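>>> please find the sequence and the predicted model below.
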Amino acid sequence: MKYWLSIVVATPAHSSVAGALTYRSEWPLAPGCLVRVPLGRREVLGVVWETLPDSGGLAENQVKDVLGALDGLAPLSDTWRRLVAFTASYYQRSIGEVALAALPPQLREMSALQLTRRLKRPAATEALPPQSDIDLIALSAEQTRALAEFDADQRPALLFGATGSGKTEVYLRAAAQALASDASAQVLVMVPEINLTPQLQARFEARFAHLGKAQVVAMHSGLTPAQRLKSWLAAHAGQARLVLGTRMAIFASLPNLRLIVVDEEHDPSYKQQEGARYSARDLAVYRAMLESAAKDGHARGQFSDGPPLGKLAPSGGSALREATSVGAMSCRVLLGSATPSLESWQATVTGRYQRLTMHERIGGVAQAGSLPAVRLVDMNHQPKHATIAPPLLDAIAQRIARGEQSLIFLNRRGYAPVLACHDCGWKSECPHCSAYRVFHKIDRTLRCHHCGFTERVPRACPSCGNIDIAPVGKGTERLEEHITELLAGVRGPGGEPLRIARIDADTTRLKGALEAQLASVHAGEVDVLVGTQMIAKGHDFRHITLVAAINPDSALFSSDFRAPERLFGLLMQAAGRAGRDANHGEASEMWVQTFHPQHPLFAALKKHDYPAFATQELKEREAAGMSPFGFSALVRAEAREQAVAQGFLNAAAAAAQAQQLPGHDAVTPYPAVPMTIQRVANIERAQMLVESPSRAALQRFLAAWQPLLHQTRQQGEFKSLIRWAIDVDPLAI
Ligand code: ADP
Ligand code: ZN
Ligand code: ZN
């Protein structure tokens, strides 16, 4: 007996093979089975995608045999394959690439025998008594209401909760409830890259300790390959009841998934930046719907504009985030943020998503009382060239004298962004990039933050020999030095000398360094903490009563339409760092130095009014037809010469125009332009923006355009193109 199978394997990004190949097997294999198959001279892991009635017209000797099946594993579910197929289609990649990248790397290398041995290791299942209700903190009124509303609804939910309002407790309770719904129920909790700390994992482990020891597993890129395999296998087998992970975890095999939580749903780290550039947040919404459809036996028709399984390049419009569901949802999705993405916020305005609101900080009084007062410093009225305005400096000095902590952030690491010669105008450009190298004083180097090229600082100007080359502008290293000088005479309440610390990518390079530095801030061993936006996010500082943003203006006038959204989120989060300690709540302040104090963004910030900001920003986006009112994709190209990169994009767009591709009448491709940082490591980069008011039209167009892009690349004049890629729903333009 012979069985014909369509099997997906990892194919290089833009190979002509779309990712599924026909193989023959002597025994039947169900879709979703993992198999070892020959590919060229190699033996690789594949996933059985579909069973085929025959060889599809291929001659016997053209079809290779399956070498073996990893039959210790249950096949991957239909839902998992649908999720992968949708991702591949929506983000314009091959199914094989997405499917194989979604599996743990070690599994890709294993033989059936090795896997069998691996699976024989017993899993620990010692159960502890459930945490009793007495151990649990009493919910706040807002937490109780949010959970009740979540229960009473079926839609994707957005938990809009101020920093410190207790969102994590809501996630924990929702998870506990989902897990209690049946003995095999599973929950996926996603967090941004930087938030997945051992402490957070410990908190979830402690809460769910009664389920058994293997109950909570982590999935993120910091794990060893062996740990990743272990987590993956536990989730796939249903042993792991709760998976805590970063964006990659959205593809975990979870046979009985009942809830997906996406914490800090606005965080850009949910968007993958290479290969299939998926948004794990958006896929979470889609996956919850797929899981529910599978379990509740919803009619397939409901997802009729999703991609049919097995079709490698479906041309239908895709339903990502537009899909809503009717009927009971056995898998829910809960997004949470204090400053949601404008896409998710708008979905709550139209009613596609449910909005759950928690205004108040735990232990706080009314909102205005517990959040720090925002003070705008008009830098137009401060001494010229002052890095820190005198009133801000005074305020910091007062905190030190009272034994309180201050946090000062500046989004630029290093000592100075440029080193320059005032005689001849030489600047510390990177020879390989269209960017300046940053001066790092600590080791007296000039470092390129784009390609890494590092040299010792020259003794004299390389161009004219002048020995007075000087730093221009300030990074965190210089800010730290500057503050140390300015506050030299200030003493703590008991006359102690001032303690200043800096946290940025340079001071936290070593493993464990960040934890150690944060611990010393927590322990009160630091009076003034200087850093990049790293310190504004996520960390729970209890004794900080002053937060200051030194120079946030550039985002106000950025060419990237999402820059104001990111700035507002960052400033709100930074404000949330101040006064989390109820005892200090009233005295805490957030200072913002700006040359544009009249900007409406700051008016909303002063009132801690995210809805006001969102309303005003959404109005502008609507007028301009930008996300979430319009849809876009970027095609990026890289070559040794800028003209080749741009030429390739323009030629491919011209071909699309000439052939009147599906969807073209609703899609606008703009001329190719150099990227903001045009050259990195001697490679020229260009991009083309493609916009449409219709997601479906854009999807149809991109699917039809792919083959044309491949063809265009084959033309002689573009042979030297290094690579190109499509980014659907790009975060930054
Ligand atoms: P968020 O994620 O919304 O910023 P957290 O979940 O970190 O807020 O909660 C802030 C603090 O309040 C945490 O220390 C948490 O343990 C505590 N907390 C949360 N809910 C309650 C509650 N119902 N009663 C007492 N403390 C709570
Ligand atoms: Zn010079
Ligand atoms: Zn460089």
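Received, thanks. Residues are numbered from 1 along each chain as shown. Ligands and ions are numbered 1, 2, ... in the order given.
>>> in the stretch 151-300 of the chain, what residue comes closest to ligand 2?
Using Cβ to the ion, the closest approach of the stretch 151-300 of the chain to ligand 2 is made by residue 273 at 38.0 Å. Every residue, glycine included, has its C-beta placed from N, CA and C.
>>> so what's the backbone phi/psi at that residue?
Per-residue torsions, residue 273: phi -110, psi 10 (degrees, to the nearest 10).
>>> can you check the pLDDT for it?
With respect to pLDDT, residue 273 scores 92.
>>> can you count the residues close to it?
11 (other Cβ atoms under 10 Å).
>>> residue 489 now?
The local packing of residue 489 (other Cβ under 10 Å) involves 8 other residues.
>>> and the closest residue in space to residue 629 that isn't next to it in sequence, how far is that from residue 730?
Leaving out its chain neighbours, the residue that sits closest to residue 629 by Cβ to Cβ, 6 or more residues apart in numbering is residue 622, at 4.7 Å. Separation of residue 622 from residue 730 (Cβ to Cβ, to the nearest Å): 19 Å.
>>> those two - which one has more neighbours?
Under the criterion of other Cβ under 10 Å, the comparison of residue 622 against residue 730 puts residue 730 first, with 20 against 13.
>>> tell me the contacts of that one?
Residues near residue 730 by Cβ atoms under 8 Å, 6 or more residues apart in numbering: 277, 632, 633, 634.
>>> my read is that residue 664 contacts residue 701, right?
Yes - contact criterion Cβ atoms under 8 Å: residue 664 and residue 701 qualify, at 5.9 Å.
>>> overlap of the contact sets of those two?
With Cβ under 8 Å, 6+ apart, residue 664 and residue 701 have common neighbours residue 656.
>>> neighbour count winner among these two?
A side-by-side neighbour count of residue 664 and residue 701, using other Cβ under 10 Å, places residue 701 first with 24 against 18.
>>> give me the phi and psi angles of residue 545.
Per-residue torsions, residue 545: phi -120, psi 0 (degrees, to the nearest 10).
>>> try the one 3 residues further on
Backbone geometry at residue 548, expressed as degrees, to the nearest 10, gives phi -130, psi 130.
>>> I figured it hits residue 392, correct?
Yes - counting by Cβ under 8 Å, residue 548 does reach residue 392; the two are 5.9 Å apart.
>>> who touches both of these two?
Joint contacts of residue 548 and residue 392 (Cβ under 8 Å, 6+ apart) are 591, 593.
>>> who has more neighbours, the two?
Ranked by neighbour count (other Cβ under 10 Å), residue 548 and residue 392 place residue 548 first, with 26 against 23.
>>> contact partners for that one?
Going by Cβ under 8 Å, 6+ apart, residue 548 touches 388, 392, 396, 406, 407, 408, 409, 590, 591, 592, 593.
>>> any chance of the residues you listed in CSV, plus distance to ligand 3, pLDDT and secondary structure?
Output for the contacts of residue 548, formatted as CSV (distance: Cβ to the ion, whole Å; pLDDT from 0 to 100; DSSP: H, G, I helix; E, B strand; the rest coil):
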residue, distance to ligand 3, pLDDT, secondary structure
388, 30, 94, coil
392, 34, 97, helix
396, 35, 96, helix
406, 34, 94, strand
407, 31, 93, strand
408, 28, 95, strand
409, 25, 92, strand
590, 35, 93, strand
591, 34, 96, strand
592, 32, 96, strand
593, 30, 96, strand
